[in-house]
Structures are given as structure tokens and as C-alpha cells.
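[1] structure for the following, please:
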Amino acid sequence: MPMDDVANDTAPTPADRAGGAAEPIEWTQPAPDRDDPALYRLLIESVSDYAIFALDPTGVIMTWNPGAQRFKGYAADEIIGRHFSVFYPQADIDSGLPQYELEVASAEGRFEDEGWRLRKDGTRFWANVIIAALRKDGRLVGFAKVTRDLTERREAELRSIADARRVAEAEAANRARAEFLATLSHELRTPLNAIGGYVDLLSLGIRGPVNAQQIDDLKRIRRSQQHLLGIINDLLNFSRIEAGHLTYDLSHVALRGILTDVRDMVEPLADAKQITTAWPKGIRSEVYVDRSKTEQILLNLLTNAIKFTGDGGSVTVSYRVGREHTEIDVADTGMGIPAQNLESIFEPFVQVGRTHSSSHEGAGLGLAISRDLARAMNGDLSVRSEPDAGSTFTLTLPRQPKDDTEK
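    Below you'll find the model as predicted:
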């Protein structure tokens with residue numbers, strides 16, 4: 001018998017096939033009729049996120065799906081037979097918008113828009129609307145209308161726009177404030193410097209001899225002038241920081257030199273209140289900072305410590321060296337800070353414990369400026385404190401440039 005005849009007479013088993021692979025199974029059920037109206041009806045009735053319905057050529061509603069009922073609120077028997085303009089606000093009806101949409105869809109084949117529409121209960125929702133013309137043998141037989149509720153998306157967009165507007169307005173207000181403070185500071189410094197100069201002239205007797213009482217009066221004038229000038233300088237520094245106009249001369253600086261210079265400036269203030277000061281010895285650390293701004297921060301911390309510490313108290317300066325940062329502590333035995341104020345003291349124009357009758361003068365800008373300066377140098381400023389138990393401010397400074405510390 002020929003080999004071909006044997007092959008045709010013998011049905012192969014799965015084991016006879018290479019790899020034992022199963023043959024594909026043929027689908028014997030008939031495929032759905034793509035032109036079956038029932039299939040399209042099932043599809044439309046299964047959609048719940050879109051309102052899909054038909055209009056006759058005049059705009060009267062002919063069909064209704066569950067999606068339309070879900071977010072428009074009408075049952076089919078309540079809405080079929082009514083004009084689709086029932087979904088539009090009165091202002092849109094008065095302006096002829098529903099008829100205009102049908103005219104555009106009829107002329108161009110399609111119309112799409114977004115706008116407010118009404119539910120059965122009168123509440124509004126933001127809708128995306130598509131109207132497509134339906135034609136048979138070239139004759140208009142009606143329209144298909146698809147509506148989607150986009151209220152949540154629109155509200156999110158409006159919130160985003162409002163947030164962006166608030167940010168822009170806040171930035172503009174900050175710029176205006178910074179410019180105002182800079183102008184004000186400049187205008188006030190000029191006469192204050194003139195006052196200081198004339199006080200010096202009078203004190204030296206250049207305008208004629210002065211007696212002891214007059215000298216005391218001139219000293220009071222000088223102290224008041226220096227106090228006001230200090231506040232003006234704080235305002236000017238604050239406005240420059242907010243405007244981003246400060247520049248930083250960063251370099252490796254010996255911590256010992258910084259502390260020595262600051263100590264020479266604050267020791268007379270401490271001595272006047274009989275406050276004991278303690279300073280670290282044998283300092284061998286370097287920090288990567290702007291020296292003048294670091295001295296400004298420490299000078300502010302130390303003058304605050306002396307100001308808020310009673311006569312006979314103490315102020316202690318210490319430091320710790322870490323792998324990437326050096327921390328400098330300024331601790332005092334003063335009045336302390338309540339826990340709820342530990343962060344607010346770093347806000348501009350805030351001074352804890354200040355009243356109109358208190359002797360703690362200042363604009364409340366020193367700590368805000370000091371923290372901003374520290375952070376601009378890749379450091380930080382923090383505080384630990386308890387009421388009536390003193391405060392410890394910690395100035396953290398980098399030992400290396402930022403790129404080096406990140407390696």
C-alpha cells in the first residue's frame with residue numbers, strides 16, 4: 001500500500017504529533033451579526049458613564065439609556081417625548097443655544113461643546129456634549145447625543161487655576177513688600193546716619209563746650225539712633241533675602257576666628273548685666289560659610305541670649321564636629337520659650353514675650369534673618385527650650401561645599 005494511502009487512512013494521535021502539541025479547536029458557533037439592532041441596543045443600555053440618546057430632527061428625545069438616567073435623574077418614561085432643551089439653563093435657552101447646536105450638527109455632521117447643564121432636581125453639572133447628525137439615504141432622520149459629566153474635572157481645573165492665582169498674588173505681594181521695605185530702609189538710614197554724625201560732632205565739643213548732663217543726653221540720643229539703625233538694617237536685610245538679592249562669599253573659614261571676633265563684640269554687653277560667659281577652647285574646626293554672615297547669625301543669637309537672661313545669669317557657647325557639619329550651641333539661663341512658640345519665633349516680626357511695656361526692643365526679624373542666612377549656606381538654625389529653664393539655639397554649618405558633602 002502506498003505511504004500516502006496509509007497516512008490518509010490512519011488518524012494521528014496526540015502522541016504521534018511532534019512535541020505532543022494539541023491542534024487548534026475550531027469555533028463552531030455562528031459569529032454575532034454586526035448589523036443586529038439588538039447588539040447595538042445592548043451596547044448602549046450597558047453604558048452607565050455616558051448619557052446616550054436619540055433626538056428627532058426637531059430635538060425631541062426619542063430614546064434614553066441608563067447612563068442618562070443616572071446623572072440626569074430622569075426615568076425614560078419621564079423624559080422621552082420632551083425637547084432636549086429641558087437640560088439647558090434658561091439663559092442658554094433664551095440665547096437659542098439648543099437650536100444652534102442642532103443647526104451646526106445638521107450642517108457639519110457633528111457639534112461638540114462644554115457647558116453647564118441641568119439635572120431633574122435643578123442642580124447643575126459641567127457637561128461635554130457631542131451631537132451627531134443621523135442620515136438615511138441623505139435625509140436627516142435625527143441626531144445622536146452623547147453627554148458626559150465632567151464636573152469633577154472642571155472643579156479640579158478651577159481649583160488649580162485658583163491656587164496658581166493665589167501663588168502669583170502672594171509672590172507679587174511679597175515682591176511689593178520687599179521693594180517697599182528696601183525703599184523705606186534706605187530713606188530712613190540717611191537721616192539716622194546724619195543724626196549720629198551730628199551727635200558725634202556735639203560730643204567732641206566741635207560746636208562748643210558741653211557739660212556732663214549734656215553729654216549724658218547725647219549718649220541717650222546716640223543709643224536711640226543706633227537702636228533705630230539696627231531695626232532699619234534688619235528690615236533692609238530681610239527685604240534683600242526675600243528678594244533674593246543677597247550674595248554669599250563661601251569659603252573655608254576657621255571657626256576659632258569667627259567665635260573670637262563675636263566674643264569681643266558681646267562681652268561688654270554681658271559684663272553690663274554681670275552675665276557669665278563660657279567659650280570653647282582649643283577649637284580646631286573649619287566650616288564652609290560666608291564669614292560675615294555667620295558672624296551676623298552668632299552675634300544675633302548671643303545678643304538675644306544676653307537680652308533675655310536676667311542679671312547674674314550665664315551664657316555658654318559650645319560646639320560639636322560631625323562628619324559633614326559642625327554644630328554650634330548658644331545656651332542661656334534666661335526666661336525660656338513655651339513649646340507652642342518654638343517654631344513661630346523664626347517667623348518675621350515675631351518676638352515671644354514682648355509687650356508694649358516690655359524692655360525687649362527689636363522688630364522681631366533677627367531670628368527669621370538668621371535662619372534664612374543659615375539655610376542659604378546649606379546649614380540650619382534650631383532651638384530647644386523650656387519656660388524658666390533657658391534656651392539652646394543650635395547653628396548647623398557645613399564643613400565642605402554642598403557638592404562635596406553629597407559624594
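
[2] please enumerate the strands of the stretch 1-150 of the chain.
    50-55, 110-118, 124-136, 139-149 (DSSP state E, counting those that start in this stretch).

[3] tell me the SS of residue 384?
    strand (DSSP: H, G, I helix; E, B strand; the rest coil).

[4] cross-check the contact I'm expecting between it and residue 339.
    No - assessed by CB atoms under 8 Å, residue 384 is found out of contact with residue 339, at 10.2 Å. The way it works is simple: take the backbone N, C-alpha and C, and place the C-beta from them, glycine included.

[5] picking up where we left off before, tabulate the strands of the stretch 1-150 of the chain (CSV), appending mean pLDDT and mean neighbour count.
    Converted to CSV, the strands of the stretch 1-150 of the chain look like this (pLDDT from 0 to 100; neighbours: other CB atoms under 10 Å):
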stretch, mean pLDDT, mean neighbour count
strand 50-55, 89, 21
strand 110-118, 93, 16
strand 124-136, 93, 16
strand 139-149, 93, 18
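
[6] so which of those strands comes closest to residue 176?
    Among those, strand 124-136 comes nearest to residue 176, with 35.7 Å by CB to CB.

[7] and the closest one, which strands flank it?
    Here strand 124-136 is paired, per DSSP bridges, with strand 110-118 (antiparallel), strand 139-149 (antiparallel).

[8] got the angle for the longest one vs strand 50-55?
    Our comparison of strand 139-149 with strand 50-55, counting by axes from the mean of the first three to the mean of the last three CA atoms, to 10 degrees, yields an angle of 160 degrees.

[9] excluding chain neighbours, what is closest to residue 263?
    Using CB to CB, 6 or more residues apart in numbering and skipping residues adjacent in sequence, the residue nearest residue 263 is residue 279, 5.9 Å away.

[10] what's the closest of the strands paired with strand 124-136 to residue 163?
    Comparing the strands paired with strand 124-136 by CB to CB, strand 110-118 comes nearest, at 21.4 Å.

[11] which SS state does the residue positioned nearest the centre of the chain fall under?
    Closest residue to the average C-alpha location of the chain: residue 167 at 8.1 Å, with CA atoms, centre = their mean. Three-state assignment for residue 167 (three-state DSSP): helix.

[12] let me know the pLDDT of it.
    Predicted confidence (pLDDT) for residue 167: 87.

[13] got it, and the one 4 residues further on?
    For residue 171, the model assigns a pLDDT of 81.

[14] tell me how far it lies from residue 281.
    Separation of residue 171 from residue 281 (CB to CB, to the nearest Å): 48 Å.

[15] can you give me the helices in the stretch 301-407 of the chain?
    Here the stretch 301-407 of the chain has its helices, by DSSP state H, counting those that start in this stretch, at 366-376, 402-405.

[16] those helices: which one's closest to residue 86?
    Nearest to residue 86 among these is helix 366-376 (60.0 Å), distances taken as CB to CB.

[17] in which helix or strand would I find residue 217?
    Using DSSP states H and E, residue 217 falls within helix 212-243.

[18] neighbour count winner among residue 171 and residue 281?
    Neighbour comparison, residue 171 and residue 281: the larger count goes to residue 171, with 10 against 6 (by other CB atoms under 10 Å).

[19] hang on, the earlier thing: what's the angle from the helix holding residue 217 to helix 366-376?
    40 degrees.

[20] starting at the chain centroid, how far to helix 212-243?
    Helix 212-243 sits 36 Å away from the centroid of its parent chain (CA atoms, centre = their mean, to the nearest Å).

[21] that one packs against which elements?
    Using 3 or more CB pairs under 8 Å, 6 or more residues apart in numbering; DSSP states H and E, the elements in contact with helix 212-243 are helix 151-203, helix 366-376.

[22] give me the residues contacting the shortest one.
    Helix 366-376 is contacted by residues 234, 237-238, 241, 246, 248, 293, 296-297, 300-301, 304, 345-350, 380-381, 395-397 when judged by CB atoms under 8 Å, 6 or more residues apart in numbering.

[23] can you flag the buried ones in those?
    234, 237-238, 241, 293, 296-297, 300-301, 304, 345-346, 348, 381, 395-397 (16 or more other CB atoms under 10 Å).

[24] so which of those belong to strands?
    381, 395, 396, 397 (DSSP state E).

[25] helix or strand: which one has residue 287?
    Counting by DSSP H and E, residue 287 is found in strand 286-290.
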